[in-house]
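**Q** attaching a predicted model along with its sequence, questions to come.
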Amino acid sequence: MNIFLWVIQGLVAFQSISGVIWRHNNYDHAAQSVASLKALPESVWSTIGVFELVFALGLILPGLFKLSPKLTPSAALGLTLVLLIETGIHLYYGVPLAALFTGWAMLASLFIAYGRFVLRPLK
């Protein structure tokens, strides 16, 4: 279970970090074709991105460096909340593909929180 959780943590962290980087570097181009990006100001997406980045790093770094590994499930819950907001925004503005990507990551981060709180906590 520990290895499985690490794999999921890595995948979710990679998707979140790469998504934030992509959105930051391609915002002007993407906002023209993605209704949910166009609907909110870039500053809102940047703020969401900062939280997403911090929580994604929190999935990996505390356990990797054995620095307060109890932060990992808390970071997973925080990331779940951020991804829930993103999924809701994408669904509200009619972008189901983007909602699918953030939705799977949201469910996976919720599983990580459960796994690290209950099933196999990091020590």
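**A** Structure received.
**Q** give me the nearest residue to L53, chain neighbours excluded.
**A** Once flanking residues are discounted, L53 sits nearest to V20: 5.0 Å by Cβ to Cβ, 6 or more residues apart in numbering. From N, CA and C alone the C-beta is placed, and that goes for glycine too.
**Q** mind listing the helices for the chain?
**A** Ranges of helices within the chain are 2-25, 27-33, 35-39, 42-64, 71-92, 96-114, based on DSSP state H.
**Q** isn't T87 right up against W104?
**A** No - counting by Cβ atoms under 8 Å, T87 sits too far from W104 to count as a contact (9.5 Å).
**Q** looking at those two, which has the bigger crowd around it?
**A** Neighbour comparison, T87 and W104: the larger count goes to T87, with 21 against 15 (by other Cβ atoms under 10 Å).
**Q** and the more buried one, how far from P96?
**A** 10 Å (Cβ to Cβ, to the nearest Å).
**Q** in the protein, where is pLDDT below threshold?
**A** In the predicted model, the chain carries pLDDT under 70 at residues 123.
**Q** now do 80
**A** Applying pLDDT under 80 to the chain picks out residues 121-123.
**Q** test my guess that L53 contacts G19.
**A** No - L53 lies out of contact with G19 (Cβ under 8 Å); the separation is 9.6 Å.
**Q** joint contacts of these two?
**A** Counting by Cβ atoms under 8 Å, 6 or more residues apart in numbering, no residue touches both L53 and G19.
**Q** most packed of the helices of the chain?
**A** Per-residue neighbour counts averaged over each of the helices of the chain give the maximum for helix 71-92, namely a mean of 21 (mean count of other Cβ atoms under 10 Å).
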